[in-house]
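Trainee: What would the 3D arrangement of this be:
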Amino acid sequence: MGIIGILRPAILLLAGLAWCSELVAAAGRVDGVFNVKEYGARGDGTTDDTKAFVDAWTAACRARGSPATLLVPAANSFIVGPTRFSGPCASTRITVQVMGTITAPPAGAWRELEYWLMFYQVHGLTVTGGSTGLLDGRGGTWWRKKCKDHADCISRAPTGLVVMNCIDVELSQFHSKDSPQMHIAVSMSSNVNVAQLTITAPWDSPNTDGVHIDRSDHVRVTGSTIGTGDDCVSIGSGTRFVTVDGIVCGPGHGVSVGSLGKKGAAVSVEYIDVRNVQFINTMNGARIKTWQGGKGYAKSISFTDINFTNVEHPVVINQFYVDRHHVPNNMGAVALSNITYTNLSGTSRRKTAVEFDCSESGSCTNIHVNSVAITAADGGGTVARCRNVQGDTSGYVYPKIPCLR
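Mentor: Residues are numbered from 1 along each chain as shown. Below you'll find the model as predicted:
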């Protein structure tokens, strides 16, 4: 046969194997699932799997045409350090399927950044899980961290999951636990749906807002259970068309518009609809808070079908946020207008159930209160306190609000 005759079958066999491998790879690409374990992730709870997650994301993001899925498999715990998952992506939509646990390194084991996990400039993104999907920020290692200035130490703790400069996003059906600071931040993004999440942190954990929204529009937070050490949902400046619907909040500081206008900043917030919310053992309920000296406006805000259970401050407008005693009253404030409260009921931990505290500059106008019944948790009566508020009431309103018509 000669040497060529001997080698020819081997060459054909190798070529056939290579062709089969290409078919398998192609099938994997067509399937569009990019499992982080196939990119080197161990998922053993101790190995740093950051590079594997970045590599899997890069492959999924580059998958052309069809939707792609980055899979974080169940029954695994993956240590992932601060990571930015950047777009735009070639795939029409990219889904991050979190079936296992993604765990942050402890404080001191990674460089200090403003975020832990960030999705940046992705158009068409879903982050979802199921009963087993968990983001564990290990915030306790940050809260216990020793600093010369405790406030500065906490301010440098990272936000857990950040969505920035993204369009058409869904965050759904996973658990976020013990973020070092805010759990989820939506910033400079549009068409974002946050649904069916469970967000938890101890009641005394600092700055652990559940969902924070700023400079974004058309954002929905629905059907979620949030209990943290700060606001369950906070809404910052530059935000329009936000709906908060069907959440259970507690413990925490309530659903807050603000704080707005710090250091004289000009702000704009409008078309905020908060409805079907249960506040249970929270510090605040339906709250709007602004800094004295701020500029701009917050308008067309509604709180509808709200129930309070043992809430310390159920209904609050505070235009003297932080320190009202050392700033002159004539500095002006963020203009609040067309604020509506409809069908509010439940119990207040304190005697004062409604607090409208507005600046003398006439910045609280068209405040409408319709159908309110808030009694004291101990069975006693409640009162409302207000100043510098212009507006009206209708239907049964208890406690009576003396400065409204």
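Trainee: Looks like Arg405 contacts Ser394 (just checking).
Mentor: No - with contact defined as C-beta atoms under 8 Å, Arg405 does not count as touching Ser394 (9.6 Å). Placement of C-beta: from N, CA and C, glycine included.
Trainee: between those two, who's got more neighbours?
Mentor: Ranked by neighbour count (other C-beta atoms under 10 Å), Arg405 and Ser394 place Ser394 first, with 12 against 8.
Trainee: so that one touches Asn370, yeah?
Mentor: Yes - if you go by C-beta under 8 Å, Ser394 and Asn370 touch, sitting 4.8 Å apart.
Trainee: got the buried residues for stretch 261-275?
Mentor: Gly261, Val267, Ser268, Val269, Glu270, Tyr271, Ile272, Asp273, Val274, Arg275 (16 or more other C-beta atoms under 10 Å).
Trainee: Turn these into TSV, including pLDDT, secondary structure and distance to Leu171.
Mentor: TSV is the format used below for these (pLDDT from 0 to 100; DSSP: H, G, I helix; E, B strand; the rest coil; distance: C-beta to C-beta, whole Å):
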residue	pLDDT	secondary structure	distance to Leu171
Gly261	94	coil	28
Val267	97	strand	25
Ser268	98	strand	25
Val269	98	strand	21
Glu270	98	strand	23
Tyr271	98	strand	21
Ile272	98	strand	19
Asp273	98	strand	19
Val274	98	strand	19
Arg275	98	strand	20
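Trainee: can you redo those residues as TSV with distance to Leu71?
Mentor: Shown next, in TSV, are these (distance: C-beta to C-beta, whole Å):
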residue	distance to Leu71
Gly261	44
Val267	41
Ser268	40
Val269	38
Glu270	40
Tyr271	37
Ile272	36
Asp273	35
Val274	35
Arg275	35
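Trainee: which one of those residues sits closest to Thr103?
Mentor: The closest of these to Thr103 turns out to be Val274 (C-beta to C-beta; 32.6 Å).
Trainee: Which strand residues bridge the closest one?
Mentor: Note on Val274: beta-bridge partners Val244, Phe303, judged by DSSP bridges.
Trainee: So it versus Lys145, what's the distance?
Mentor: Remark: distance between Val274 and Lys145 (C-beta to C-beta, to the nearest Å) = 34 Å.
Trainee: Kindly report the same for Asp168.
Mentor: With C-beta to C-beta as the criterion, Asp168 and Lys145 are 37 Å apart.
Trainee: I figured Ala195 was touching Val211, is that so?
Mentor: No - applying C-beta under 8 Å as the test, Ala195 and Val211 come out as separate, 10.9 Å apart.
Trainee: Which one's more surrounded, the two?
Mentor: Comparing Ala195 with Val211 by other C-beta under 10 Å, the one with more neighbours is Val211, at 29 against 16.
Trainee: ok, that one to Trp203 distance?
Mentor: Distance from Val211 to Trp203, by C-beta to C-beta: 17 Å.
Trainee: so where's the stretch 201-350 of the chain shaky on pLDDT?
Mentor: 322-331 (pLDDT under 70).
Trainee: Let me see the domain layout of the chain.
Mentor: 30-182, 231-405 (automatic domain parsing).
Trainee: Could I get the ones you listed in a markdown table, plus columns for distance to Thr225?
Mentor: Written out in a markdown table, the entries for the domains of the chain read as follows (distance: least, C-beta to C-beta, whole Å):
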| stretch | distance to Thr225 |
| --- | --- |
| domain 30-182 | 10 |
| domain 231-405 | 5 |
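Trainee: how about the residue sitting nearest the centre point of the chain, what does it touch?
Mentor: By C-alpha atoms, centre = their mean, the chain has its centre lying nearest to Val211, at 2.1 Å. Residues near Val211 by C-beta atoms under 8 Å, 6 or more residues apart in numbering: His183, Ile184, Ala185, Val186, Val194, Ile199, Val221, Ser224, Ile226, Cys232, Val233, Ser234.
Trainee: Strands of the stretch 301-405 of the chain, residue ranges please.
Mentor: 313-318, 335-348, 352-357, 364-376, 383-387, 391-398 (DSSP state E, counting those that start in this stretch).
Trainee: re earlier: distance-wise, check the residue nearest to the centre of the chain relative to His183.
Mentor: From Val211 across to His183, the span is 7 Å (C-beta to C-beta).
Trainee: how about stretch 196-213: buried residues?
Mentor: 197-201, 203, 205-213.
Trainee: Let me see the mean pLDDT of stretch 135-148.
Mentor: For stretch 135-148, the mean pLDDT works out to 82.
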